[in-house]
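Visitor: here is a sequence with its predicted model. Questions after.
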Amino acid sequence: MSLYIEDYAIIGDTCTAALVGHDGSIDWLCAPRFDSGACFAALLGGANNGFWRLAPAGGEVKSQRHYRQDTLVLETDFATATGSVRVIDFMPTSDRTGRVAVVRIVKGISGAVPMRSEAVFRFDYGRTVPWIRQRENGFNAVAGPNAVTLQSTVPMHPENGAFCSDFTISGGATEVFAAEFYPSHEHEPGACDGLAMLSITEQWWRAWAARCRWEGEWRDAVVRSAITLKALTYRPTAGIVAAATTSLPENLGGSRNWDYRYCWLRDSTFTLYALLLCGYADEAKEWREWLLRAIAGRPQDMQIMYGIAGERDLPEFEVPWLSGYGNSKPVRIGNAAHQQFQLDVYGEVMDTLYVAGKYGVPSDNDVWRMQTQLMEFIESAWQHPDEGIWEIRGERQHFTHSKVMAWVAADRAIKSIKRYRLGGPIAKWTAMRDQIHREVCERGFDRQRNSFVQHYDTTALDASLLMIPLVGFLPAHDARVRGTVDAIRRELMKDGLVERYATETGVDGLPPGEGAFLPCSFWLADNLTVLGHYDEARELFERLLALRNDLGLLAEEYDPVKQRLTGNFPQALTHVCLINTAHNLMLGAGPALQRADHNGKTP
């Protein structure tokens, strides 16, 4: 392992994505479908796995990189003793679902720089070595259903199973490399006009970014986060994956390594707000439509996560032939948490649909009928223990956050009836809402600590409790909320950042140790905002912005000791929370106030 997680950039075409290191190496590429298993896999470890490095050959090299403004086109400038060169990396935007291209353009800036391109293709997470065939202007590799063709304007030659090019680029000269992935039963792609694709792709991203209506402070951070969210969207279905990677560790060298290339219902309300507040109403509507398709069926069969097209079967297995990033094992494909019962997602779905209606996203009687069926299930399910927001792999508990979100489900159902003049058993749901509220305040609150607790019958804290005022369960100025915020700041903060919970308690059934959870740190900033502590909220927000890499990207977690990003990268929820917290701080009417919707009253 030579590169840190923050040393990578993301490029994508809104169907798939790749990670590019600052050394010019593409070490991870998801296939046309995020879950298909055709990818470069060097980032997960193992010298024999796939990669594609394009950089100066030998000698001391300094690199500097940036995205072209408001695009996902990456430029990396390399300075050497003999001159300087720029490598432009991007994935062309295209309507050809199932066919993905990576284009790499080399432009000489000054002097003469010896360059080397070395590409090793592997499929099935590094396990399958393809059949290689030479072509007039490159090579073709085929393995089962997967195929890739690599074309270049400079000669290539085979070398120990790699496709290699050695050439010298002079100032003003341009060379083009293009790899296109396609189903092996289809015809090989024709010649690639990389320069034309560059112009089209750049214009496409800038036109999309121009629709962002944010004009306040931190615009660059908000727009970059919105672009990252778009990059994690699968355009044909509008599904948004949590990250483009799997098994990047929450604790370097540890076993908390999960596959995040799926769509979580829990993130839906946050995501909807981020899209709507940035002015992307069409994307918000499409996300809601994805949500409705994914959860269609019996309420008791609703999952916490789905595939990008709404797939339900996401079996988890380990790939022992990969050593893992930083020797963090095991490397996991799929996610067994999709089979868990997590009560809070029902509240998230009800809240998402309520928010969509508030912002004018049209609904219909079929949607409301589905919501009433969800409520009927919640009536019988809310009193059961669950695996909770953090998807524990230990014993089920009566998690306080889960009960709060069951309250949210009832609350939004009642508000929907009143706001949209819908039919429903409002008296019964009001009674259930009040019952949940009383129970949480009695069993989920520790009077000695003056704080809500992680689950019933414990004194442990949990950063998910920061959602209590943000969803309107209690006003921010309630003494119990203040006490909870104070306790979290006192016991779950490390170097100014918030941890999810004390992993040493063993509640999650996993070995202890992980970094600070960045979305929770944004939630604390939101709490400070609604409490009126704007200076502290702003200071924390600026601290979080400073953790972004040089391209404005964030992972799931941060290790304050090693001062490194950890977890899957880039993380959609982290960037969604960045957008929402910026709105809370600047506009005074962001999600932290709008979602609560309690009018300052204590239920």
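Guide: Looks like it arrived, so ask away.

Visitor: excluding chain neighbours, what is closest to E491?
Guide: L461 (5.6 Å; C-beta to C-beta, 6 or more residues apart in numbering). Bear in mind the C-beta positions are built from the backbone N, C-alpha and C, glycine included.

Visitor: surely the one you found meets R489?
Guide: No - with contact defined as C-beta atoms under 8 Å, L461 does not reach R489; the gap is 10.2 Å.

Visitor: the two: who's more crowded?
Guide: L461 (24 against 15; other C-beta atoms under 10 Å).

Visitor: residues in contact with the more buried one?
Guide: 451, 453-454, 487-488, 491-492, 501-502 (C-beta atoms under 8 Å, 6 or more residues apart in numbering).

Visitor: mind doing that once more with 7 Å?
Guide: Contacts for L461 were tallied using C-beta atoms under 7 Å, 6 or more residues apart in numbering; they are 451, 453-454, 487-488, 491-492, 501.

Visitor: buried only: go through those for me.
Guide: Neighbour counting over the contacts of L461 (16 or more other C-beta atoms under 10 Å) leaves 451, 453-454, 487-488, 492, 501 as the buried ones.

Visitor: give me the neighbour count for Y558.
Guide: Neighbourhood size, Y558 [other C-beta under 10 Å]: 24.

Visitor: what does the strand or helix carrying it contact?
Guide: For Y558, the host element (DSSP states H and E) is strand 557-559. Residues from elsewhere that reach strand 557-559 (C-beta under 7 Å, 6+ apart): 250, 252, 497, 514-518, 547, 565-567.

Visitor: select from those residues every entry located in helices.
Guide: Using DSSP state H, the members of those that fall within helices are L518.

Visitor: re earlier: closest one of the buried ones among the contacts of L461 to V561?
Guide: For the buried ones among the contacts of L461, the residue nearest V561 by C-beta to C-beta is L492; the value is 15.8 Å.

Visitor: quick check: closest non-adjacent residue to that closest one.
Guide: L492's closest residue in space is E499 (C-beta to C-beta, 6+ apart), at 4.8 Å.

Visitor: can you give me the distance of the one you found to E250?
Guide: 11 Å (C-beta to C-beta, to the nearest Å).

Visitor: tell me the contacts of T245?
Guide: For T245, the contact set (C-beta under 7 Å, 6+ apart) comprises 28, 260, 568-569.

Visitor: now do R293
Guide: R293 sits next to G310 when contact means C-beta under 7 Å, 6+ apart.

Visitor: change it to 10 Å
Guide: Shown in contact with R293 (C-beta atoms under 10 Å, 6 or more residues apart in numbering): 237-239, 306, 309-310.

Visitor: and those, which of them are buried?
Guide: Buried among those (16+ other C-beta under 10 Å): 237-239, 306, 309-310.

Visitor: any chance of these in JSON lines, with distance to G506, secondary structure and pLDDT too?
Guide: Converted to JSON lines, the buried ones among the contacts of R293 look like this (distance: C-beta to C-beta, whole Å; DSSP: H, G, I helix; E, B strand; the rest coil; pLDDT from 0 to 100):
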{"residue": "T237", "distance to G506": "38", "secondary structure": "coil", "pLDDT": "91"}
{"residue": "A238", "distance to G506": "39", "secondary structure": "coil", "pLDDT": "92"}
{"residue": "G239", "distance to G506": "34", "secondary structure": "strand", "pLDDT": "92"}
{"residue": "Y306", "distance to G506": "30", "secondary structure": "strand", "pLDDT": "94"}
{"residue": "A309", "distance to G506": "37", "secondary structure": "coil", "pLDDT": "89"}
{"residue": "G310", "distance to G506": "35", "secondary structure": "coil", "pLDDT": "92"}
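
Visitor: what's around the residue nearest to T400 when sequence neighbours are not counted, how many residues?
Guide: Distances taken as C-beta to C-beta, 6+ apart place G444 nearest to T400, at 3.7 Å, with adjacent residues excluded. Around G444 there are 25 other residues, counting by other C-beta under 10 Å.

Visitor: and for the one 3 residues further on?
Guide: The burial metric for R447, expressed as a neighbour count using other C-beta under 10 Å, is 9.

Visitor: and if you look at T430?
Guide: Close neighbours of T430, defined as other C-beta under 10 Å, add up to 15.

Visitor: ok, now R65?
Guide: Residues near R65, counting by other C-beta under 10 Å: 21.

Visitor: mind saving the C-alpha coords of the helix or strand harbouring I488 as PDB?
Guide: Secondary structure assigned from DSSP H and E places I488 in helix 479-491. The C-alpha coordinates for helix 479-491 follow below in PDB (Å, rounded to 0.1, in the frame of the first residue of the first chain):
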ATOM      1  CA  ALA A 479     -33.100  20.500  28.800                       C
ATOM      2  CA  ARG A 480     -33.000  16.800  27.900                       C
ATOM      3  CA  VAL A 481     -31.600  17.700  24.400                       C
ATOM      4  CA  ARG A 482     -29.100  20.100  25.800                       C
ATOM      5  CA  GLY A 483     -28.000  17.400  28.300                       C
ATOM      6  CA  THR A 484     -27.600  14.900  25.500                       C
ATOM      7  CA  VAL A 485     -25.600  17.200  23.300                       C
ATOM      8  CA  ASP A 486     -23.300  18.100  26.300                       C
ATOM      9  CA  ALA A 487     -22.800  14.400  27.100                       C
ATOM     10  CA  ILE A 488     -21.900  13.600  23.500                       C
ATOM     11  CA  ARG A 489     -19.500  16.500  23.300                       C
ATOM     12  CA  ARG A 490     -17.900  15.300  26.600                       C
ATOM     13  CA  GLU A 491     -17.600  11.600  25.900                       C
END
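
Visitor: what packs against the top helix by length along the chain?
Guide: Identified as the longest helix of the chain according to DSSP H is helix 400-420. Where contact means 3 or more C-beta pairs under 10 Å, 6 or more residues apart in numbering; DSSP states H and E, helix 400-420 is packed against helix 344-358, helix 365-381, helix 426-443, strand 451-452, helix 467-470.

Visitor: make it 7 Å
Guide: For helix 400-420, the elements it packs on are helix 344-358, helix 365-381, helix 426-443, helix 467-470, judged by 3 or more C-beta pairs under 7 Å, 6 or more residues apart in numbering; DSSP states H and E.

Visitor: for it, list every residue counted as buried.
Guide: The neighbour-count check on helix 400-420 (16+ other C-beta under 10 Å) flags 400-417 as buried.

Visitor: where does the protein have its least confident helix or strand?
Guide: Every helix and strand of the chain was ranked by mean pLDDT, DSSP states H and E. The lowest is helix 591-594, at a mean of 71.

Visitor: and it, how far out from the chain middle?
Guide: 22 Å (C-alpha atoms, centre = their mean, to the nearest Å).

Visitor: what of stretch 264-276?
Guide: Counting by C-alpha atoms, centre = their mean, stretch 264-276 is centred 11 Å from the centre of its parent chain.

Visitor: any weak-confidence spans in this protein?
Guide: 1, 31-48, 94-99, 587-589, 593, 596-603 (pLDDT under 70).

Visitor: list the buried residues in stretch 236-255.
Guide: 237-252, 254-255.

Visitor: pull it out as CSV, backbone CA atoms only.
Guide: Presented in CSV, the C-alpha positions along stretch 236-255 are these (Å, rounded to 0.1, in the frame of the first residue of the first chain):
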residue,chain,number,x,y,z
PRO,A,236,-30.6,4.7,-15.7
THR,A,237,-32.4,4.1,-12.4
ALA,A,238,-31.5,7.2,-10.3
GLY,A,239,-30.2,5.0,-7.5
ILE,A,240,-27.5,6.7,-5.4
VAL,A,241,-24.8,4.4,-3.9
ALA,A,242,-23.3,5.1,-0.5
ALA,A,243,-19.8,4.9,-2.1
ALA,A,244,-18.1,3.6,-5.2
THR,A,245,-15.9,1.2,-3.2
THR,A,246,-16.0,-1.8,-0.9
SER,A,247,-13.9,-2.8,2.1
LEU,A,248,-12.0,0.4,2.6
PRO,A,249,-11.5,0.0,6.4
GLU,A,250,-13.0,2.0,9.1
ASN,A,251,-10.0,1.1,11.2
LEU,A,252,-6.7,0.6,9.3
GLY,A,253,-5.7,-3.1,9.5
GLY,A,254,-9.0,-4.0,11.1
SER,A,255,-12.0,-6.0,10.1
